[in-house]
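Asks: Take a look and give me a structure for this.
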Amino acid sequence: MSLVLLALVLIAFSGVPGLFCDPKSRTGERISAGLHAAGSVLGIAGSLWGLDPAHHAVLAWRWAVPEGEFAVGIDGLSAFFLAPVFLISGLGSVYALDYWRHEDHPETGRRLRLFYGLLTVGMALLMIARHTLTFLLGWELMALFAFLTINTEDKDPAVREASLLYLFCTHAGTLALFVMFGLMRAEIGSFRFLPMGDATVASGAGSAIFLLALFGFGMKAGAMPFHIWLPSAHASAPTHVSALMSGVLIKTGIYGLARVVSLLPTPPAWWGGCVLAMGVVSGVLGVAFAIGQHDLKRLLAYHSIENIGIILIGFGAGMLGRALGRPDVAVLGFAGALLHVWNHGLFKALLFFSAGSVIHATGTREIDRLGGLGKAMPRTALAFLIGAVAICGLPPLNGFVSEMLVYLGLLRAVTSDDPRLWLGAALAAPALALVGALAVACFVKAYGAVFLGAGRSEKVAHAHDPGPCMLVPLSILAGLCALIGCAPFLFAPILEAGIAGPLGTVSSPLGELAPLGWVTLAALLLASAIAGGARWLAATSRREPAGETVTWDCGYAAPAPSMQYTSSSFADTLVGWFGWALRPESHLPKLADAPFPARAAFSSHVGDTVLDRIIVPFCRACAHAMGWFRWLQAGSLHAYLLYILVTLLLLLLWR
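Replies: I've put the predicted structure just below:
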């Protein structure tokens, strides 16, 4: 525990040296990055140390507020979620040395590094909190500094709108958490995180606590339909902040839900059904919205919603298994969900960092203005390819392993005699398969349009791979994706320590329920075959250099980059299939009736249906309705005194 607290102190003060150094000098940002990296190493060590039950501890100090207490502790669940916080945050601080240099951003560079460190502290603090006030302190620190980091380029109106939308949504979720913690206090008589009895569920208070947790933490996780803040926030923030938010921040919602579930007794089956249904909706519609995006960072943001859906599918299956007496389903579901928390953090940070390299080199994140970057940026292209294969759940990388555990849990649930279990699994398994297929299609589109073909604009003409500070984090994340994918048995004890929180005890070792040894063998053979094929291809290319020619030109005598598939044309069919949910908007060209018509253009756009077609019109209708009552604000002091008098009389009569 002391290592984690020391790490928080180092990271909290990591941004301070940059405030007192000349922004044109790199000394301040290098010292800040060094402090942040050192704190991250200590934090990772403390997290891994805390996975051992022998090292679980709680430290508490009294506050001068009623029932106030600064109580922190570490157990398997919090240690499991802490590790990616420190890892991705530390890599992001190094990545920012080249991506967001103080010299290039004199107005925002120093404050961004300070806020970035404090954002990390807020996330880590809520994960080690053992008291409601401590948890809310970390939660509000996270909310505040996430807002400030999203709003870094506040001169852009779109950035301001995205940051304000995030602030509104996060505080809507926080209000639900206030009510939830109040109910928990009424049940257990303390603001400490203590287990609740069976009477909590029997009285109905447990269901209220669960539903409030599902809304409050679901809002932070970005699960549909509570996702409205996520795409714009991830797209507007600096890329290393986007990686931290997507890889870690949204997982605080998953952690909060897991922590509350671990405090409740055996849940009713419908709780697991609700989580499972939310996971299916988030997974399928998240990847469907991603397919329709033209902005590279918005595309990755919607894939975060998709992967939160996969995590919730596993978590819902685990809750159903726990409720209906199937410990094997519970172990596999919770293990798949928690491992996907790690896996998604790794490959999504890898994808965002790769996208940041593209943006840094070209100055744009519009997919249809890129192309051909595989030759100019081969290392970035390889890193993005590894992340794409991992997020699609393909072997031999880590995404396959966690999705396999969820599949195994669902397949075991299908064999159950209880219709509540097999029916939920029978609906969730095909949905999970559909999510994987659509993810492959989406990343074929993204990788092909960005890295293959010919450049679509002058912005790609002088692109090149970034420097070591940006490439080293890519290499580390890619290596970890390969390590988990090729040796998943190494992580089975860590998973068992993590799932002990929501399960209490692990009835069967994970190695007996999942063929992790065979997966390791198959992954190593496949990785060897891929490496051998790549070496043979490289050797052949050196012996027989290939000539240069145009790609398939469809019969045109003079092919041009504009004749390539765009992201819109590639995804048109799939967007049409999900048109009932995506509601795409197309602006068709108007061609003049002449032998040589004038230049015309076509464009399409897939907005956020929930935000643009439900919430915004509802808010406008409410604002219009409230306008009918503006006559009450007459500006007369006598009228206001009359309102007060009438209100007091009505209250006296009511009493």
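Asks: Okay, Ala323 and Pro378: tell me how far apart.
Replies: 50 Å (CB to CB, to the nearest Å). (Each C-beta comes from the backbone N, C-alpha and C, glycine too.)
Asks: Neighbour count: the two, which is higher?
Replies: Using other CB atoms under 10 Å as the criterion, Ala323 and Pro378 rank with Ala323 on top: 20 against 13.
Asks: which residues touch the closest residue to that one other than its chain neighbours?
Replies: Leaving aside its chain neighbours, Ala323 sits nearest to Ala269 (4.5 Å; criterion: CB to CB, 6 or more residues apart in numbering). Contact analysis of Ala269 by CB atoms under 8 Å, 6 or more residues apart in numbering lists 320, 323-324, 420-421.
Asks: Distance check, Ala269 against Gly424.
Replies: 9 Å.
Asks: Then Leu296?
Replies: 35 Å.
Asks: what residues are up against the residue positioned nearest the centre of the chain?
Replies: Closest residue to the average C-alpha location of the chain: Ser246 at 3.0 Å, with CA atoms, centre = their mean. Counting by CB under 8 Å, 6+ apart, Ser246 touches 234, 300-301, 304, 348-349, 352.
Asks: could the residues you listed be laid out in JSON lines, adding pLDDT and neighbour count?
Replies: Shown next, in JSON lines, are the contacts of Ser246 (pLDDT from 0 to 100; neighbours: other CB atoms under 10 Å):
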{"residue": "His234", "pLDDT": "94", "neighbour count": "30"}
{"residue": "Leu300", "pLDDT": "95", "neighbour count": "28"}
{"residue": "Ala301", "pLDDT": "95", "neighbour count": "30"}
{"residue": "Ser304", "pLDDT": "95", "neighbour count": "30"}
{"residue": "Lys348", "pLDDT": "96", "neighbour count": "28"}
{"residue": "Ala349", "pLDDT": "96", "neighbour count": "30"}
{"residue": "Phe352", "pLDDT": "96", "neighbour count": "31"}
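Asks: mind giving me a markdown table with the residues you listed and columns for secondary structure and distance to Leu5?
Replies: What follows is the contacts of Ser246, written out as a markdown table (DSSP: H, G, I helix; E, B strand; the rest coil; distance: CB to CB, whole Å):
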| residue | secondary structure | distance to Leu5 |
| --- | --- | --- |
| His234 | helix | 30 |
| Leu300 | helix | 33 |
| Ala301 | helix | 33 |
| Ser304 | helix | 30 |
| Lys348 | helix | 28 |
| Ala349 | helix | 25 |
| Phe352 | helix | 29 |
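Asks: For the residues you listed, name the two members farthest from one another.
Replies: For those, the maximum inter-member distance is 13.2 Å, found between Ala301 and Ala349 (CB to CB).
Asks: Name the residues of the helix or strand containing Ala428 that are buried.
Replies: Assessed by DSSP states H and E, Ala428 sits inside helix 419-451. For helix 419-451, the neighbour count (16 or more other CB atoms under 10 Å) marks 420-422, 424-425, 428-429, 431-432, 435-436, 438-443, 445-451 as buried.
Asks: Give me the packing partners of it, helices and strands only.
Replies: helix 269-291, helix 296-323, helix 373-376, helix 378-391, helix 398-414, helix 567-577 (3 or more CB pairs under 8 Å, 6 or more residues apart in numbering; DSSP states H and E).
Asks: Give the buried residues for stretch 250-264.
Replies: Under 16+ other CB under 10 Å, the buried positions of stretch 250-264 are 250-264.
Asks: What mean pLDDT does that stretch get?
Replies: The average pLDDT within stretch 250-264 is 92.
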